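Enquirer: Next one to model:
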Amino acid sequence: MRPRWLPSRFHSPYIWKDGNGVYHALAHCFTPFYGVHAFVHPADVPSDFTDNVTAMNWTLGGSAYGNAVEFTDGTSFAFSRRERPHLVWGKGAWGVTPLALTNGVEYGAKANTAYQDAIFTLSQPLKQQ
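Expert: Residues are numbered from 1 along each chain as shown. Purely as a prediction, here's the structure:
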């Protein structure tokens, strides 16, 4: 489900608010990226979330991740789809820190073909600073 205030080309967003009051979203985007980052500054957040008219003013931050993934054994694979982003959080140097990105990933040339495709959950560790 996509909140009505995110651009229609995004779907399956993962939304969180950082310690500065900035809302962030990771979402699957059909074109031109596989995963995008968008954000909303606190001044652009409606004071009443029951308001169905006022939209949040999202700013596209750019590509967050692509379909190619490098594995710890040195190999890589380009998935045909990489959807439903989700962050795994833990304690870090500055408090709560994202440790990994998970996605539903699909492989194969017969994507969206009955009994010819499959979706798996991929967990990708994030580089810590």
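Enquirer: Surely residue 117 is in contact with residue 104?
Expert: No. The criterion here is Cβ atoms under 8 Å, and residue 117 misses it with residue 104 at 11.6 Å. Heads up, the C-betas are built off the backbone N, CA and C, glycines and all.
Enquirer: Dihedrals phi and psi, residue 44?
Expert: When read as degrees, to the nearest 10, the backbone of residue 44 gives phi -100, psi 10.
Enquirer: From residue 108, how far off is the residue lying closest to it once chain neighbours are set aside?
Expert: In space, residue 44 comes closest to residue 57 once its chain neighbours are excluded; the distance is 4.0 Å by Cβ to Cβ, 6 or more residues apart in numbering. Going from residue 57 to residue 108 by Cβ to Cβ, to the nearest Å gives 39 Å.
Enquirer: re earlier: now do the same for the residue nearest to residue 44: helix, strand or coil?
Expert: Put simply, residue 57 is coil when judged by DSSP: H, G, I helix; E, B strand; the rest coil.
Enquirer: From what I see, it and residue 46 are in contact.
Expert: No. In this structure, residue 57 is not within contact of residue 46 by Cβ under 8 Å, at 9.9 Å.
Enquirer: tell me which element the residue in the chain sticking out farthest from the centre is part of?
Expert: Centroid-distance maximum for the chain: residue 115 at 26.8 Å, with Cα atoms, centre = their mean. Using DSSP states H and E, residue 115 maps to neither a helix nor a strand.
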